[in-house]
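In: Just need the structure, nothing else, for what follows:
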Amino acid sequence: MSAAGPAPGYRVPSLGWRIVVASLRLIPLIILFIGLPIAALSFLTSHSIPLPLSIAAVTIAGAVIVALSTARYIAKPTGVYGPLSIVASAFVLGYVFYLLGQSTYRFRLPGSSVTIGITFTTLVEWLLIVPALALVAALVTTIEDARAPRERLPFDFPP
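Out: Numbers count the residues shown, from 1 in each chain. Alright, predicted model coming up:
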């Protein structure tokens, strides 16, 4: 599917415009999914507190989430949007499952015999709802795009 020419009933932004907007969205996404988690983990490391997650895993997962989100935004008026949404949702779902496995954390305070245990399992379980619903929505979008290729465009890009 091409988004080159305007069609009746909707106005698809040009590829250049979608790239510009996606680039502007990229900045806060990098801060949210890469910068803040790395800052928090670095803060723990600087205070000799062992990390619950590796900085490399958080950085890679954050970079993949940011890249997929940006690609989805650019591909929204095309038939690739649904499958790309499936990949993005499945990756986030897998990452949240990884976080679920790390959701009980025990550490010893430096210089003492005090051990503190923190669990955020319930929070992570609730967070699983979002990517699971996004995965279902992506599957429905993919099926609908295959059945009626331009049907969703008037809703996504109204005149």
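In: make it CA atoms for all contacts and neighbour counts henceforth
Out: Noted.
In: Run through the strands of the chain in chain order.
Out: 104-108, 115-119 (DSSP state E).
In: List the contacts of the first one.
Out: In this case it means strand 104-108. Outside strand 104-108, the residues within contact range by C-alpha atoms under 8 Å, 6 or more residues apart in numbering are 49-50, 52, 114-121.
In: circling back to that earlier point, worst average pLDDT in the strands of the chain?
Out: Note on those: lowest mean pLDDT is at strand 104-108, with a mean of 79.
In: before we move on, back to that, out of the contacts of strand 104-108, who has the most neighbours?
Out: Tallying neighbours with other C-alpha atoms under 10 Å puts residue 50 at the head of the contacts of strand 104-108, with 17 neighbours.
In: Please list all residues in contact with it.
Out: Shown in contact with residue 50 (C-alpha under 8 Å, 6+ apart): 44, 107.
In: how far away is it from residue 83?
Out: Applying C-alpha to C-alpha, to the nearest Å, the value for residue 50 to residue 83 is 38 Å.
In: which residues touch the most centrally placed residue in the chain?
Out: For the chain, the residue nearest the mean C-alpha position is residue 65 (4.1 Å; C-alpha atoms, centre = their mean). Contact analysis of residue 65 by C-alpha under 8 Å, 6+ apart lists 33, 88, 91-92.
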